[in-house]
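Participant: I would like the atomic coordinates for the input below:
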Amino acid sequence: FNKILYLRAKIIKQTKKPLIRGDEIIEKFRLTPGPKIGEILKLVEKERALGNISNKRQALSIIKEEVKLNEKKKI
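Facilitator: This is a model prediction of the structure:
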């Protein structure tokens, strides 16, 4: 199953433009550039490959939840 997911994500990445870019995430959520942005982008890619999201609005919703979770972990 993981191989299928990987291949689907790879095909989507090659054939479709990203739903959101790292610089947009940094600006919208006022985050610091770094590895966490890459992790968020991978999460968005994974959710897209799974068919859970298909547009920027949905991507932003996933990112918002991820940012909230990370803020709670810092407390």
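Participant: mind checking which helix or strand Ile25 is in?
Facilitator: If you go by DSSP states H and E, Ile25 is part of helix 22-29.
Participant: how about that helix: buried residues?
Facilitator: 25-26 (16 or more other Cβ atoms under 10 Å). For glycine as for every other residue, the C-beta is placed from the backbone atoms N, C-alpha and C.
Participant: Need the contact partners of stretch 58-74.
Facilitator: Stretch 58-74 is contacted from outside by 19-20, 25, 28-29, 31, 36, 40, 43-44, 47-48, 52-53, using Cβ atoms under 8 Å, 6 or more residues apart in numbering.
Participant: list the buried ones in that stretch?
Facilitator: 59-60, 62-63, 66-67.
Participant: how distant is that stretch from the center of its chain?
Facilitator: Stretch 58-74 has its C-alpha centroid displaced from the chain centroid by 10 Å (Cα atoms, centre = their mean, to the nearest Å).
Participant: same question, stretch 32-46
Facilitator: Stretch 32-46 sits 6 Å away from the centroid of its parent chain (Cα atoms, centre = their mean).
Participant: Great, nothing more from me.
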